[in-house]
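S.K.: let me see the structure of the following:
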Amino acid sequence: MSKGQRLGYVYVGVGDRDAHRQLEGEELDRIFMDIATDRNNRRPQRNALFAHAHAGDTIVAQRMAGLARNADELRRIVLRETARGVHVQFVKERLVFTSEGSPMTDLLLTMLGAVADFERTLLKERHREGVALARQRGIYGGRRRKLSSERVQELRARAASGERKARLAREFGISRETLYQYLRESEATEAVCSTS
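M.R.: This is a model prediction of the structure:
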């Protein structure tokens with residue numbers, strides 16, 4: 001039986017300057033690297049790594065935080081990959097997770113799951129508190145409208161009389177898309193009134 005491959009994974013975060021040194025000194029057959037480019041935190045190379053890895057291979061990451069966005073995702077990844085027979089190694093933490101498991105690795109994964117649940121609960125709680133405070137201050141509920149209701153009525157009347165929409169948008173200091181939103185709202189209101 002042939003020896004499995006050692007597959008490195010590197011995640012380069014925003015402002016991360018030593019990415020090329022993350023797995024320095026590790027003997028690897030192949031490296032997959034994702035570079036943070038947006039808030040969506042897409043990781044196509046990590047997905048390619050998971051698709052490439054087979055039973056007997058070892059996924060090597062410099063640290064736990066580099067492989068996953070949070071503890072819950074990390075726990076899911078480790079459980080999924082080890083169930084497929086893929087080993088997962090974290091260099092900084094000096095941990096290797098395998099399909100054989102041990103009481104210590106089971107404990108670590110259980111603790112990661114508990115931390116993830118706690119983290120999720122705290123985030124939800126903070127969000128609810130923030131929304132409640134914003135509502136008390138009257139600032140929750142979306143973006144404040146750019147035009148007063150009187151100006152909206154004027155805009156709608158002038159658009160209905162045939163004035164050019166681009167000119168109206170410039171004059172009212174709004175984008176054309178916003179102008180069309182105001183006009184659509186008017187049509188929806190008229191439709192509701194005519195059916196009732």
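S.K.: only C-alpha atoms from now on, for both contacts and neighbour counts.
M.R.: Fine.
S.K.: straight-line length of stretch 148-167, end to end?
M.R.: End-to-end distance for stretch 148-167, by Cα to Cα, to the nearest Å: 19 Å.
S.K.: name the SS class of residue 33, please.
M.R.: Assigned with DSSP: H, G, I helix; E, B strand; the rest coil, residue 33 falls in the strand class.
S.K.: any idea what it is bridged to?
M.R.: For residue 33, the residues forming beta bridges with it (DSSP bridges) are residue 10.
S.K.: residues near it, how many?
M.R.: The criterion is other Cα atoms under 10 Å. On that basis, residue 33 has 18 neighbouring residues.
S.K.: my read: it touches residue 7, true?
M.R.: No - under the criterion of Cα atoms under 8 Å, residue 33 makes no contact with residue 7, lying 10.8 Å away.
S.K.: tell me how many other residues crowd residue 115.
M.R.: For residue 115, the number of neighbouring residues by other Cα under 10 Å comes to 15.
S.K.: which element, helix or strand, includes it?
M.R.: helix 103-137 (DSSP states H and E).
S.K.: who are the packing partners of that helix?
M.R.: Of the remaining helices and strands, those touching helix 103-137 by 3 or more Cα pairs under 8 Å, 6 or more residues apart in numbering; DSSP states H and E are helix 71-83.
S.K.: contacts for the helix it packs on, please.
M.R.: 50, 64, 67-68, 87-88, 97-99, 109, 112-113, 115-117 (Cα atoms under 8 Å, 6 or more residues apart in numbering).
S.K.: using PDB, list the CA coordinates for the next helix or strand after that helix.
M.R.: Per DSSP H and E, helix 71-83 leads on to strand 87-90 as the next helix or strand towards the C-terminus. Written as PDB, here are the backbone C-alpha positions of strand 87-90 (Å, rounded to 0.1, in the frame of the first residue of the first chain):
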ATOM      1  CA  HIS A  87      -5.500  12.800   8.700                       C
ATOM      2  CA  VAL A  88      -5.600  16.500   9.800                       C
ATOM      3  CA  GLN A  89      -2.500  18.000  11.200                       C
ATOM      4  CA  PHE A  90      -2.000  21.500  12.800                       C
END
